[in-house]
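In: would you be able to build a 3D model of this:
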Amino acid sequence: MVKVQLWQLKQRQGLPLDIKIKFSLTRIRDFYEANNGKVYVSFSGGKDSTVLLHLVRSIYPDVEAVFVDTGLEYPEIKDFVKTIPNVKTIRPKLSFKQVLDKYGYPVISKNVSRYVSDLQNPSKDNKRTRDTRLGLNKKTTNVGILSKKWKFLVNAPFKCSDRCCDVMKKSPFRIYSTKSKNKGYVGTMASDSQQRESSYLKTGCNNFKNGLSMPMSFWKEEDVWNYIKKYKLSYSKIYDTGVKRTGCMFCMFGVHLEKKPNRFMLMKKTHPQIYNYCIKKLGIGKVLDFINVDYGKEEQSKLNTTELAIPPKPKVLGILATII
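Out: Prediction:
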């Protein structure tokens, strides 16, 4: 593994697109040769993976693309995937509703959902972890502590969890990779999140140990669109509706930070039937009410969002006293 300094990442992110393309193609070749051609492209149907697939196939046209049909994709994404040759479709073992029922809702962020889940599911085995989440371990830093801002989620009338992505996407890929012995290219970028930036700084584009290549890690979103324009690539029509992120339709990670219209407001306009299923049947509405996020509902919910957002102190103290 090759560690990358932050200044190197910033420098690479500022390179012209043509240089970035050459850099990425070099990393693609390195990974391909290291794995004797036993590789695949993780293809979501979104703009990033569309560019990634074009990059890889510009050198190795026979590389297989693998699409995980989670049931959470926009219809336009699925339609676009069908237009791409040599795509293998795999599926998770559980449906999204089964994941929600078994583990809980993905809310705020992966870390917040994981920390809240630890506190909502106390046991003798996770006592130390729960102490960390509450900031009770004297030897620990602020890492791993649930922010005071989100502690009210511990008392939510629903479960929170970060397991969704692992069950719906990562697990199917692990099964596919184990059976096929193929190693994956993914179109993630350091600019996507702090977690992805951290991963890039630790390993660079190619994590040979874990069998994962991220050859576009130092790209930015503007580079992706410029590449699409430069090579006149087709892309999913969903982007023409105003949707900027084409991951799982019902994911709530980061929605509290979005400007209006947020992803659910857009969904109400572009996919009203799916919106209705999401908000009512899956219970996403009650979760958004609880975290005080507007999702375009026409009438106020019967739920008192003010009371829900800030649970009564006796309840908080009672729950925390129990889980400590």
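
In: need the nearest residue in space to R29, chain neighbours excluded.
Out: Nearest non-adjacent residue to R29, counting by Cβ to Cβ, 6 or more residues apart in numbering: I59, 6.5 Å away. The C-beta positions use only the backbone N, C-alpha and C, and glycine is treated the same way.

In: with C251 instead?
Out: In space, C251 is closest to P106, 5.4 Å off (Cβ to Cβ, 6+ apart).

In: which ones are touching that neighbour?
Out: Neighbouring residues of P106 by Cβ atoms under 8 Å, 6 or more residues apart in numbering: S113, C160, S161, D162, C164, C165, C251, M252, F253.

In: among those residues, which ones are in helices?
Out: If you go by DSSP state H, the contacts of P106 have S113, C164, C165 in helices.

In: mind jotting down where the strands sit in the stretch 151-300 of the chain?
Out: 183-185, 206-207, 212-213, 252-253 (DSSP state E, counting those that start in this stretch).

In: pLDDT weak spots in the protein?
Out: 1, 139-141, 298-324 (pLDDT under 70).

In: how is it divided into domains?
Out: 6-95+165-240, 107-160+249-324 (automatic domain parsing).

In: can I get those domains in TSV including distance to D101 and mean neighbour count?
Out: Converted to TSV, the domains of the chain look like this (distance: least, Cβ to Cβ, whole Å; neighbours: other Cβ atoms under 10 Å):
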stretch	distance to D101	mean neighbour count
domain 6-95+165-240	9	17
domain 107-160+249-324	9	16
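
In: which ones are touching the residue nearest to K181 when sequence neighbours are not counted?
Out: Once flanking residues are discounted, K181 sits nearest to K38: 5.5 Å by Cβ to Cβ, 6+ apart. By Cβ under 8 Å, 6+ apart, the residues touching K38 are S180, K181, N182, K183.

In: V66: what secondary structure?
Out: strand (DSSP: H, G, I helix; E, B strand; the rest coil).

In: so which strand or helix has the closest residue to V154 other than its chain neighbours?
Out: Here the nearest residue to V154 in space, its sequence neighbours aside, is L119; by Cβ to Cβ, 6+ apart that works out to 4.8 Å. Using DSSP states H and E, L119 falls within helix 110-120.

In: chain center to that helix, what's the gap?
Out: The gap between where helix 110-120 is centred and where its chain is centred comes out at 16 Å by Cα atoms, centre = their mean, to the nearest Å.

In: now do stretch 38-57
Out: 17 Å.

In: mind checking the end-to-end distance for it?
Out: By Cα to Cα, to the nearest Å, the extent of stretch 38-57 from end to end equals 14 Å.

In: ditto for stretch 137-149
Out: End-to-end for stretch 137-149, by Cα to Cα: 19 Å.

In: give me the contacts around that stretch.
Out: V112, Y115, V116, L119, R128, D131, T132, R133, L134, G135, V154.

In: what does stretch 264-283 give?
Out: Counting by Cβ under 8 Å, 6+ apart, 74-75, 96-97, 100, 105, 158, 241-243, 249-250, 255, 261, 284-285, 288, 293-297 sit against stretch 264-283.

In: same thing but 6 Å
Out: With contact meaning Cβ atoms under 6 Å, 6 or more residues apart in numbering, stretch 264-283 is reached by T241, G242, V243, F250, I284, G285, Y295, G296.

In: turn the strands of the stretch 151-300 of the chain into a markdown table, columns for distance to P172.
Out: Output for the strands of the stretch 151-300 of the chain, formatted as a markdown table (distance: least, Cβ to Cβ, whole Å):
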| stretch | distance to P172 |
| --- | --- |
| strand 183-185 | 12 |
| strand 206-207 | 19 |
| strand 212-213 | 15 |
| strand 252-253 | 19 |
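
In: between the ones you listed, which one is closest to T26.
Out: Of all the strands of the stretch 151-300 of the chain, the one in closest proximity to T26, counting by Cβ to Cβ, is strand 206-207 (10.1 Å).

In: parallel or antiparallel, list what pairs with the closest one.
Out: strand 212-213 (antiparallel) (DSSP bridges).

In: now the strand it pairs with: how far from the chain's centre is it?
Out: So, by Cα atoms, centre = their mean, the centroid of strand 212-213 is 17 Å from its chain's centroid.

In: one more: stretch 283-302?
Out: Here the centre of stretch 283-302 is set off from its chain's centre by 22 Å, with Cα atoms, centre = their mean.

In: do stretch 109-127 as well
Out: Counting by Cα atoms, centre = their mean, stretch 109-127 comes out at 19 Å from the chain centroid.

In: same check, this time on stretch 64-81
Out: 15 Å.

In: begin at 865 from now on, thanks
Out: With the count now opening at 865, the last piece we talked about shows up as stretch 928-945.

In: ends of it, how far apart?
Out: Note: stretch 928-945 ends 13 Å apart using Cα to Cα.

In: now stretch 962-974
Out: 19 Å.

In: over to stretch 1073-1080?
Out: End-to-end for stretch 1073-1080, by Cα to Cα: 18 Å.

In: what's next to that stretch, contact-wise?
Out: Here stretch 1073-1080 has contacts from 888, 891-892, 895, 916, 1047-1053, 1069-1070, using Cβ under 6 Å, 6+ apart.
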